[in-house]
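In: Sequence and predicted structure are below.
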2 protein chains.
Amino acid sequence: MDERPLRADARRNRARVLEVAAQVFATEGVAVPVHEIARRAGVGTGTVSRHFPTKDDLVGEVLFALLRNLVDEADALAERADPGTAFFAFVATLVRVGAANRALAQELAGTCCGVDGRAEFDVPGRTRELLAQAQQAGAVRADITYPDVKALMTGCMARRGGPLEPVIGVVCDGLRTGAGHRRTQREGTTT
Amino acid sequence: MDERPLRADARRNRARVLEVAAQVFATEGVAVPVHEIARRAGVGTGTVSRHFPTKDDLVGEVLFALLRNLVDEADALAERADPGTAFFAFVATLVRVGAANRALAQELAGTCCGVDGRAEFDVPGRTRELLAQAQQAGAVRADITYPDVKALMTGCMARRGGPLEPVIGVVCDGLRTGAGHRRTQREGTTT
DNA sequence: TCCCAACCGGGATACCCATCCCGATTATAG
DNA sequence: CTATAATCGGGATGGGTATCCCGGTTGGGA
């Protein structure tokens, strides 16, 4: 196909753009203009959009690596720990990573370009699985759904610039079975 | 000052724009273009920007009423209920209102125009006070700060379109002193 | 009823941004 | 060293939004 090797300078520029983009998107979110990425990388906007025809392509490439790591971690936890421990550990990891990386937080919150959900990078899918297993094992409240977990994690990620232990603690304690809640009298409510 | 009464048609248009804006911002958030508000209100864009010179003016006017109600509710709770009950009830109210109104959620999350914080409409201030009193009364974990609470509530508000009891339950249980292990009455579930 | 200031509509203007294009530059094969 | 195709920079283009402006319309007091 188009697997022709890039010229040396082109390869260098591409890598530099990717590096700068990763840093900027992590710090300021995906809303940063492409021309700003180009400026900081010391290249023209044309160079950026030649290597990444669309802004989503650039964002996607930046997110791929991060999402893959998370999926790997989820899989590792799933086989190394019991369901409850695995689920809570993964939630804590997602929150920490999301709080440290705005772009990733936006992606996980669904306010980004939506590159996850693709086979090998399906973080939401992994989270769903871990949740289901933790609930089956009786470690997590049964009335909780994935959207609930997603919303709670999204909130925790917004706690940028402060210690994360408190919010993670609150959420994990609250999710745990046996925390006092009135589930007993409202089993299958749907609003 | 310029308190000359508006002409009848002008007053009618202003009210209609405000009404439509409130509805649209609540449903779709403050990012909706002004010209869209004008279109749905059946007026020209000029009419909107004459009554509300800036988009922030329009958004602000819409939010004022909502914020005032919330502040009133906070004050009422503060004097009618014990600190713990008041705090949890207010948190539940904020989450419910925020989940039902995107513009308000954006405002409370700080991703809007920031009209609150003004004396009589200072919802964050009231929340802070209720939190401090609840902690002093020993009803809420001592390691929690206002930004933690804000982040958690922001997350819950993102749970649009589903039942809110689970997320509110998780957060309130998690915030409660001695959380993660039992206890609970049914506070914090006011509608 | 008549008249004019207040009001209306929506086109004009001024940004901002992503993406495309093309003349100038440069890596590198021969 | 030279030729040439790949690459570069940044201006041009198209689309979107907020705000301003002005010729036409109308409410309501005389």
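Out: Nice, I can see it. Numbering: from 1, shown residues only, chains lettered A, B, ... in the order given.

In: drop to CA atoms for contacts and neighbour counts, all remaining ones
Out: Fine.

In: Can you give me every residue that contacts residue A:95?
Out: Residue A:95 makes contact with A:153-154, A:156-157, A:168, according to Cα atoms under 8 Å, 6 or more residues apart in numbering or on different chains.

In: Residue A:127 and DNA strand D, how far apart?
Out: Look at residue A:127 and DNA strand D: by Cα to the nearest atom of the strand, to the nearest Å, they are 34 Å apart.

In: now the strand or helix carrying that residue: mean pLDDT?
Out: If you go by DSSP states H and E, residue A:127 is part of helix A:123-136. Averaged across helix A:123-136, pLDDT comes to 97.

In: for it, packing partners?
Out: helix A:55-80, helix A:83-100, helix A:146-157 (3 or more Cα pairs under 8 Å, 6 or more residues apart in numbering or on different chains; DSSP states H and E).

In: can I get the ones you listed in a markdown table with distance to DNA strand D and mean pLDDT?
Out: Formatted as a markdown table, the helices and strands packed on helix A:123-136 follow (distance: least, Cα to the nearest atom of the strand, whole Å; pLDDT from 0 to 100):
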| stretch | distance to DNA strand D | mean pLDDT |
| --- | --- | --- |
| helix A:55-80 | 13 | 96 |
| helix A:83-100 | 28 | 98 |
| helix A:146-157 | 26 | 98 |
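
In: Can you tell me, leaving aside adjacent residues, what's nearest to residue A:98?
Out: For residue A:98, ignoring the flanking residues on the chain, the nearest one in space by Cα to Cα, 6 or more residues apart in numbering or on different chains is residue A:105 at 4.4 Å.

In: residue contacts, residue A:99?
Out: Neighbouring residues of residue A:99 by Cα under 8 Å, 6+ apart: A:105, A:156-160.

In: Pick out the residue in chain A sitting closest to chain B.
Out: As assessed by Cα to the nearest Cα, chain B sits closest to residue A:155 within chain A, at 3.5 Å.

In: quick one, phi psi at residue A:140?
Out: Backbone torsions for residue A:140, taken as degrees, to the nearest 10, come to phi -130, psi 140.

In: and it, what are its bridge partners?
Out: Counting by DSSP bridges, residue A:140 is bridged to residue A:176.

In: Just give me the neighbour total for the residue in chain A positioned nearest to DNA strand D.
Out: Going by Cα to the nearest atom of the strand, DNA strand D is nearest to residue A:46 of chain A, at 2.7 Å. Applying other Cα atoms under 10 Å in any protein chain shown, we find 12 residues neighbouring residue A:46.

In: What strand or helix carries it?
Out: Assigning secondary structure by DSSP H and E places residue A:46 in helix A:45-51.

In: mind listing what's buried in that helix?
Out: Buried residues in helix A:45-51, defined by neighbour count with 16 or more other Cα atoms under 10 Å in any protein chain shown: A:48-49, A:51.

In: One more: stretch A:164-179?
Out: A:164, A:166-179.

In: Tell me which entries of the residues you listed lie within strands.
Out: Residues of the buried residues of stretch A:164-179 located in strands (DSSP state E): none.

In: List the ones among these that fall in helices.
Out: In helices, defined here by DSSP state H, the members of the buried residues of stretch A:164-179 are A:166-175.

In: Was I right to think residue A:115 contacts residue A:60?
Out: Yes - judged on Cα atoms under 8 Å, residue A:115 makes contact with residue A:60 at a distance of 5.9 Å.

In: What is the neighbour count of the nearest residue to residue A:154 once chain neighbours are set aside?
Out: What sits nearest to residue A:154 in space, not counting adjacent residues and going by Cα to Cα, 6+ apart, is residue B:155, at 5.5 Å. If you count neighbours by other Cα under 10 Å, residue B:155 ends up with 28.

In: thinking residue B:155 is in contact with residue A:156, fair?
Out: Yes - counting by Cα under 8 Å, residue B:155 does reach residue A:156; the two are 7.0 Å apart.

In: Quickly list the domain ranges of chain A.
Out: Domains of chain A are assigned by automatic domain parsing as A:1-53, A:63-185.

In: which of the ones you listed is buried the deepest?
Out: Of these, the one with the most neighbours on average (mean count of other Cα atoms under 10 Å in any protein chain shown) is domain A:63-185, at a mean of 20.

In: Next, the distance between the ends of stretch A:129-149.
Out: End-to-end distance of stretch A:129-149: 12 Å, with Cα to Cα, to the nearest Å as the criterion.

In: Quick one: residues in contact with it.
Out: Identification of contacts with stretch A:129-149 by Cα under 8 Å, 6+ apart yields A:74, A:78, A:83-84, A:86-87, A:127-128, A:175-178, A:183, A:187-188, B:156, B:159, B:166-167.

In: that older thread, take the helices and strands packed on helix A:123-136 and write them to CSV, including distance to residue A:17.
Out: Shown next, in CSV, are the helices and strands packed on helix A:123-136 (distance: least, Cα to Cα, whole Å):
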stretch, distance to residue A:17
helix A:55-80, 9
helix A:83-100, 20
helix A:146-157, 26
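
In: which ones are touching residue A:113?
Out: Contacts were defined as Cα under 8 Å, 6+ apart; by that measure residue A:113 touches A:56, A:59-60, A:107.
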